[in-house]
Structures are given as structure tokens and as C-alpha cells.
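# Okay, sequence plus prediction incoming.
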Amino acid sequence: MRQELLSLPKGLAEEVSKNLVMVARLIDDEPEQAYAYSRIALRLASRVAAVREAAGFAAYATQKYSEALAEFRAAKRMTGSVELWPVMADCERGLGRPERALAMAGEPEVQKLDKAGQVEMRLVAAGARRDQGQLEAAIVTLQSPELASSSVQPWTARLRYAYADALLAAGREDEAREWFGKTLEADKDGATDASDRLAELDGVEFVDASIDVSDLSEDEGEGEDDDEGEDDDEGEDAAEIAAAERASDVAEYYDEDDEEYEPLEQSEADADVEGDKA
């Protein structure tokens, strides 16, 4: 990314970099804000592949799958890399086109992916099978050497979890319980809710015993002050997002050169911007 930004004038590169940092910082917890920052970066440097990729992930995080797919296609054309292939296929799922995702799973690009990318593609293909109501096919799709391996890799927990969830959806509860347990063994970072799923299967209910009723009256006054502070913060966040959207009203989402270019209907944010201008 740094190398790509070096092609820009210094001041512009710094501004783009700041917005990309904000996208990365906010995308998990505040995806709408991350999306607003990505639009600014896109307005400033739409010909930089890293910017198009970041804009794609920000749109993907906010379920704007048409925009995300267009940005990923643009980044792929610029770099020639196939690493975005699985997430592009998942965008097709998000657009209600699981058959296209399955077609992509059979393309030569998949063979060019690294091991992590191939596992991700397998997860997407299994999800597409489930979208079509083909539960047994989804289970078979996930059965692979990576699933059977006892070694723990970054993708192991997600792969095992998807397999357990598919088994449960197919009514194979005992097998699902076993694989949720295996997921828990591999999920050191708590990336999945395998422990909760296991508890549900075992009929365990959790009760929060940390609340002391006698403290509620004492905390009421403090809560009112906290609420006021939260309202102020929310107002600032909303103003920041609105400003970012207004600043990016000419963002280039699509390349007309794309053979699969599909114009997108005007978003609500852009409609608001035009209303402000009028």
C-alpha cells in the first residue's frame, strides 16, 4: 500500500493515508463511519488499487454489495491479483446470486489462491449451497483435508464452525455438538460463538449474577449524566459522517471500462448531498 501511495504527491498521499487508517480502525465496530472515510479516500485517489480495495471492504461491511463488487473488480484489474476472488464471490451471494458464487468456485482463479484463500472460497461455496437449500451438498463441500487436519491454522476455527452449523441445520445434532467442541479447541481468540452454541445444545442457560439490585438507585443519577454525554458523542459522530459524505459526493465507484459494469441506483447518502446542493 505504501508503495502505491508513493505515486501520489506527498500532501495528497498523507491525506489518503489518514483516511485509510480510519477505515481500518473503524470497519469492525463502526462500519458506517469507515464507509464514509473510504469515500473520501476514493474521491482523492480512485486510481490507487489499495484505495479501491479498502473502499470495497468498507462497502462490504455495510452490506452495499454492488459497490463492494465493483471496487473489488477494479482493484483486481489494477493489480492482476486473484486474492479478492472469494470475497467477490461472497458479494454475489449477498446480491442473491448464489449460482454465480458457485460458478466462481469452479474458475481457474481458485487454483491460484493460497491455502487461506482456497479455504475461504470453500466457505463461500458451502454458503452458496445453503442459500439454495442444498444442506447435504454444503456439508460435503466443507469436507476437506483442511477440515480433517489436527493442526490449527488461522482458518481452522471458522471452517470447523461452518461445518458444525451445517450439520446442525441438517438435523445431525450429535455430530454438530462434536464439531462445535472441536471449534472451541481451535478458537483461542473467541472469534466464534462456539461455546454458546454448545451450551444451547446442552440446554444450559446463563444468568447474569453481577447486578446488585441495591446499587440501582445509587447509579440512577450517574446514568443520567452518562446518557447526556453519549448524546453529545452521537451528535458529533453523525455530524462527522454527514460531513464526510458531503465531501465525497463525486466519489468514483465504478470504472466504465469494466466489462461487467453495472450502474448502481443513487444511494440515499448521495441523494441527501444533492438535496443540500439544491
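Looks like it came in fine. Since the model is a prediction, treat every value here as computed from it, not as a measurement. Numbers count the residues shown, from 1 in each chain.
# Now D29: which helix or strand?
Following DSSP states H and E, one finds D29 outside all helices and strands.
# Number of residues surrounding it?
Neighbour count of D29, defined by other C-beta atoms under 10 Å: 8. The C-beta positions use only the backbone N, C-alpha and C, and glycine is treated the same way.
# same check, this time on the one 10 residues further on
Counted with other C-beta under 10 Å, residues neighbouring R39 total 27.
# same question, E175
Residues near E175, counting by other C-beta under 10 Å, number 16.
# Can you tell me, leaving aside adjacent residues, what's nearest to it?
Here the nearest residue to E175 in space, its sequence neighbours aside, is L167; by C-beta to C-beta, 6 or more residues apart in numbering that works out to 4.7 Å.
# which residues touch the one you found?
Contact analysis of L167 by C-beta atoms under 8 Å, 6 or more residues apart in numbering lists 139, 173, 175-176, 179.
# which of these sit farthest apart?
Farthest-apart pair in those is I139 and E173; separation 13.7 Å (C-beta to C-beta).
# which one of those two has more residues nearby?
Each of I139 and E173 has its neighbours counted (other C-beta under 10 Å); I139 has more, 20 against 11.
# Where does the nearest residue to that one once chain neighbours are set aside fall, secondary structure wise?
For I139, ignoring the flanking residues on the chain, the nearest one in space by C-beta to C-beta, 6+ apart is A166 at 4.9 Å. Taking DSSP H and E as the definition, one finds A166 inside helix 156-169.
# could you give the angle of the next helix-or-strand element following that helix to helix 156-169?
Per DSSP H and E, helix 156-169 leads on to helix 173-186 as the next helix or strand towards the C-terminus. Counting by axes from the mean of the first three to the mean of the last three C-alpha atoms, to 10 degrees, helix 173-186 points 170 degrees away from the direction of helix 156-169.
# which residues touch helix 173-186?
152, 156-157, 160-161, 163-165, 167-168, 192, 194-195, 197-198, 201-202.
# ok, of those residues, which come out buried?
156-157, 160-161, 163-165, 167-168, 192, 194, 197-198, 201 (16 or more other C-beta atoms under 10 Å).
# would you list those in a markdown table and tack on distance to R43 and pLDDT?
Output for these, formatted as a markdown table (distance: C-beta to C-beta, whole Å; pLDDT from 0 to 100):
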| residue | distance to R43 | pLDDT |
| --- | --- | --- |
| T156 | 40 | 96 |
| A157 | 38 | 96 |
| R160 | 42 | 97 |
| Y161 | 38 | 97 |
| Y163 | 42 | 98 |
| A164 | 43 | 97 |
| D165 | 40 | 97 |
| L167 | 46 | 97 |
| L168 | 45 | 97 |
| T192 | 37 | 94 |
| A194 | 41 | 93 |
| R197 | 43 | 94 |
| L198 | 47 | 92 |
| L201 | 49 | 90 |
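# Tell me where this structure is predicted with low confidence.
Applying pLDDT under 70 to the chain flags residues 1-3, 205-278.
# centroid residue for it?
Centroid-nearest residue in the chain: A61, 4.1 Å away (criterion: C-alpha atoms, centre = their mean).
# Isn't that residue up against A36?
No - with contact defined as C-beta atoms under 8 Å, A61 and A36 do not form a contacting pair (11.9 Å).
# Helices of the stretch 101-250 of the chain, residue ranges please.
Per DSSP state H, counting those that start in this stretch, the stretch 101-250 of the chain carries helices over the ranges 115-131, 135-142, 145-148, 156-169, 173-186, 194-201, 216-247.
# what comes up buried for the fifth one?
Just to be clear, that refers to helix 173-186. Those would be 175-177, 179-184, 186, for helix 173-186 by 16+ other C-beta under 10 Å.
# next one: stretch 106-122
In stretch 106-122, counting by 16+ other C-beta under 10 Å, buried: 109-110, 113, 117-122.
# same question, stretch 39-47
For stretch 39-47, by 16+ other C-beta under 10 Å, it's 39-46.
# of those residues, closest to L69?
When the buried residues of stretch 39-47 are compared for distance to L69 (C-beta to C-beta), L42 wins out at 14.9 Å.
# and A162, what is it in contact with?
123, 126-127, 142.
# mind redoing it with 6 Å?
Taking C-beta atoms under 6 Å, 6 or more residues apart in numbering, we find A162 in contact with 123, 142.
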